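Student: next comes the sequence, and after it the predicted model I'd like to discuss.
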Amino acid sequence: MRGSRPLALALSATLFAAPSWALAQPVPTASAQPVPVASTQPAPVASAQPAPAASGGESFPGAQLPPPPIPAVLPSVPPIPGYSAPVSAVPNGDLVGVQNQPFVGLALHDALGMALERNAQLAIDQSNRRIAAYQIVAAKGAYDVKFQVVPAYSHSPFNVAAAGAPVTQDTLGVTTGFNGLTTTGGQYSVGISGERITNDNLYNSYDPYYQTALQFSITQPLARGLAIDQPRLQVRLAKLNDQIVASNAMLGASNTVVQVSNAYYDLVSAWQNVAIQEEGLREASAQAASNTRLAQHGVVAPTDIVEANTQVNVFQDNVFAAIQNVQRAQIELKTLLLANPSDPLWFANLVPTTSVAQVPPEPSLDALITSAIQNRPEIAQLRAQRAESNLNLDYAHDQLKPQVDLGLGYTSNGFAGNPLSPLSNPLFALLGSLVPPAELALFPSPPGYQTGNIGASLRNALDNRFPVYAGQLTISIPIGEHTAKADLAIAQEQQRQVQLNETAVLQRLRGEAVNAIQGLREAQYRVIAARAAREAAQRVLLGEQRRFESGTSTTFLVLQRQLALAQDEGLELTAQTDLDKAIVELNRVSGGIFSQNGIAVDAVGSQTLDAAGSTSVLPPAPAATAPPVRGLPHQ
């Protein structure tokens, strides 16, 4: 017994000193009384007549004795070697894997910032948001203007007559232009081309000669593809997907905030439970020392010393169990905060420094549901999914329309070249032998604007000397339309699925709102009741100790009051922790989890791969912390 008190004092010196009002998880204690087993036999019926006195082995008529009990069936138990291992020394009470001193204070505001910056899953969500933005850019690429240049050269021999010599023609040219899509489903193209043609044909009037053309054409759908087409569908789907991915990121961030907050309050509870169990250990050690002194003077029996020492051992076991809970709570919180397994914070002994949450006014059910519909990321995701299903349905309806495309074209041709003498043409030479030279001289010569090189030909095209106008109407009506009809049925089924999902989500939100308000209300009731029970247990223990000192009570009663007080303190701690978590849940259900904690969600997960980054998701913490819940004991 003398060794127990120094151990308790050593533990007290190394553990976080929580305030005396700290609340705790109730520690179940094993009852020393056996649990009665319900008998399967009927209870004996008491006779209404007084039983005559028995004499010797004489039996009386009508007397009924209960049947003997059924013999118990006891299976044989084999001996288990090594069940009780020898313990040479009391183990160390420090936490494993951390530097137990000094303690490292951690505010809830900072914990949330670390989690949102370094959480690996949130970093993946942010990467998905960037990918979704790139997909929008990629979908818009269908409307990029395409520039094309096609230089060409050809050398081709051919015969002009059955017995004539082959004629060789060389063509050197280039075609360039722009083409693309319009936002109304049409296609356009604008181009210019030019060629230089030379050949040794005896019948040529120009050699070389130049052909140019300015071209413009557009095709516009009038039925299918007018309201929506595949490029526009992909752009709108990409934008809706960006909204869905952003909602997923918001939902992941919301869940992370809830998890970190709950883990933080669990660590608060774990440390305070250590303080409760240490206080109980000190009370039990003091009672054991008092009993030892009284026993030496013959005031109490030696068995009172044994009872007190047993109580010391019970609280000592509770202290080690509470320390283990602190270790588990720290590991859980660090897992949520840290992305790098070599982060120095893994070796820190964390101590929460944020006060308990302030209890908000209880909202009405309708107000909470309205807030959830306005702010919850699940609702934004549903809206995007509904718009996506409507868009697919519109496109499927459009594909059932016939294809009616109007095509318009315009070409301005240009021509110029080096005119040849008519006398070099065999036809003109033949005419010269039949027609007098004076009349042959009157044969008209080519116009001057057709004489020149590629520049002259291009000027002729620009002057619109040889225009060509074209128009066409293309009508295509598929027979059967099995694919379009099947796609329409699929789109309709997908829209019904979205509607069913909307109903399910709204029902879930209503249930969450009811549970959140009820949970907040119940948690407050429990805090009030647990506080009153703890205060009563304190008064009862104080009175029992005074009666013990005056000799009107026993050690057993004092020890029982100590256990009852520790249990009531644990119940109050559990109630307070549940109240903190109920407030977190209320903020989550309302969709105000980010605004309540001052979180900017645009940068969540940004520092996952750079643990030393200076960018913070959260603004600076406010100077004054939130006031604690009113009425907390011994604050």
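Tutor: Received it, and whenever you're ready, just let me know what you need.

Student: look up the closest residue to the residue sitting nearest the centre point of the chain, ignoring the ones flanking it.
Tutor: By Cα atoms, centre = their mean, the chain has its centre lying nearest to residue 252, at 2.1 Å. Excluding the flanking residues, the one nearest residue 252 by Cβ to Cβ, 6 or more residues apart in numbering is residue 125, at 5.0 Å. All C-beta spots, glycine's among them, are computed from the backbone N, C-alpha and C.

Student: secondary structure class for that neighbour?
Tutor: Assigned with DSSP: H, G, I helix; E, B strand; the rest coil, residue 125 falls in the helix class.

Student: measure it to residue 466 for me?
Tutor: Between residue 125 and residue 466 the computed distance is 62 Å (Cβ to Cβ, to the nearest Å).

Student: about what we covered before: the residue nearest to residue 252: neighbouring residues, count only.
Tutor: The local packing count at residue 125 equals 21, with neighbours defined by other Cβ atoms under 10 Å.

Student: retrieve the pLDDT associated with residue 507.
Tutor: For residue 507, the pLDDT comes out at 94.

Student: that one: neighbour count?
Tutor: Residue 507, neighbours per other Cβ under 10 Å, totals 10.

Student: following element in sequence after the helix or strand hosting it, please.
Tutor: With the criterion set as DSSP states H and E, the secondary-structure element containing residue 507 is helix 482-549. Next along the chain after helix 482-549, taking DSSP H and E as the criterion, comes helix 555-590.

Student: list the helices and strands that next one packs on?
Tutor: helix 230-296, helix 302-337, helix 365-375, helix 482-549, helix 593-597 (3 or more Cβ pairs under 8 Å, 6 or more residues apart in numbering; DSSP states H and E).

Student: any stretches of the stretch 501-635 of the chain with poor pLDDT?
Tutor: Counting by pLDDT under 70, the stretch 501-635 of the chain has low-confidence residues at 601-635.

Student: please apply the same query to the stretch 351-500 of the chain.
Tutor: Residues of the stretch 351-500 of the chain that meet the criterion pLDDT under 70 lie in 422-444.

Student: ok, which stretches of it are strands?
Tutor: Across the stretch 351-500 of the chain, reading from the start of the chain, the strands by DSSP state E, counting those that start in this stretch fall at 403-419, 466-476.

Student: how far off strand 466-476 does the longest one point, in degrees?
Tutor: Strand 403-419 and strand 466-476 are oriented at 160 degrees to each other (axes from the mean of the first three to the mean of the last three Cα atoms, to 10 degrees).

Student: so how far is strand 403-419 from its chain's centroid?
Tutor: On the basis of Cα atoms, centre = their mean, to the nearest Å, the separation between the geometric centre of strand 403-419 and that of its chain is 57 Å.

Student: to what extent is residue 142 buried, counted in neighbours?
Tutor: By the other Cβ under 10 Å criterion, the neighbourhood of residue 142 contains 14 residues.

Student: should've said residue 540
Tutor: 16.

Student: now it: closest residue in space that isn't a chain neighbour?
Tutor: What sits nearest to residue 540 in space, not counting adjacent residues and going by Cβ to Cβ, 6+ apart, is residue 561, at 5.5 Å.

Student: verify the stated contact: that neighbour with residue 537.
Tutor: Yes. Taking Cβ atoms under 8 Å as the contact criterion, residue 561 and residue 537 are neighbours in contact, 7.2 Å apart.

Student: one step back: by how many degrees do the helix holding residue 507 and helix 555-590 diverge?
Tutor: Taking the same axes, to 10 degrees, one finds that helix 482-549 is oriented at 150 degrees with respect to helix 555-590.

Student: one step back: make a markdown table out of the helices and strands packed on helix 555-590 and add distance to residue 448.
Tutor: What follows is those, written out as a markdown table (distance: least, Cβ to Cβ, whole Å):
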| stretch | distance to residue 448 |
| --- | --- |
| helix 230-296 | 49 |
| helix 302-337 | 87 |
| helix 365-375 | 78 |
| helix 482-549 | 60 |
| helix 593-597 | 79 |
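
Student: most tightly surrounded among the ones you listed?
Tutor: Highest mean neighbour count among the helices and strands packed on helix 555-590 (mean count of other Cβ atoms under 10 Å): helix 230-296, with a mean of 21.

Student: quick one: that helix to helix 555-590, angle?
Tutor: What separates the directions of helix 230-296 and helix 555-590 is an angle of 170 degrees, with the same axes, to 10 degrees.

Student: picking that back up, residues contacting the residue nearest to residue 540?
Tutor: Going by Cβ atoms under 8 Å, 6 or more residues apart in numbering, residue 561 touches 537, 540, 541, 544, 545.

Student: my read: the second one touches residue 564, true?
Tutor: Yes. Using Cβ under 8 Å, residue 540 is in contact with residue 564, at 7.3 Å.

Student: tally up the residues packed near the nearest residue to residue 247 once chain neighbours are set aside, please.
Tutor: Leaving aside its sequence neighbours, residue 247 sits nearest to residue 381 (Cβ to Cβ, 6+ apart; 3.7 Å). A total of 20 residues lie near residue 381 under the criterion other Cβ under 10 Å.

Student: how close does residue 381 sit to residue 112?
Tutor: The separation that residue 381 has from residue 112, given Cβ to Cβ, amounts to 23 Å.

Student: show the model's pLDDT score for residue 299.
Tutor: On the pLDDT scale, residue 299 gets 78.

Student: do the one 4 residues further on as well
Tutor: As predicted, residue 303 sits at a pLDDT of 84.

Student: got it, and the one 3 residues further on?
Tutor: Model confidence at residue 306, expressed as pLDDT, equals 86.

Student: OK, contacts around it?
Tutor: For residue 306, the contact set (Cβ under 8 Å, 6+ apart) is empty.

Student: how much space between it and residue 461?
Tutor: Taken as Cβ to Cβ, the span from residue 306 to residue 461 is 118 Å.

Student: likewise for residue 103?
Tutor: 87 Å.

Student: who's more crowded, these two?
Tutor: More crowded of residue 103 and residue 461, by other Cβ under 10 Å: residue 461, with 24 against 17.

Student: which residue is the nearest non-sequential neighbour of that one?
Tutor: With Cβ to Cβ, 6+ apart as the criterion, residue 461 has its nearest non-adjacent residue at 3.1 Å, and that residue is residue 414.

Student: residue 356 versus the one you found, what's the distance?
Tutor: Counting by Cβ to Cβ, the gap between residue 414 and residue 356 amounts to 87 Å.

Student: now do residue 230
Tutor: On the measure of Cβ to Cβ, residue 230 and residue 356 end up 57 Å apart.

Student: kindly report the same for residue 300.
Tutor: With distances defined as Cβ to Cβ, the gap from residue 300 to residue 356 amounts to 42 Å.
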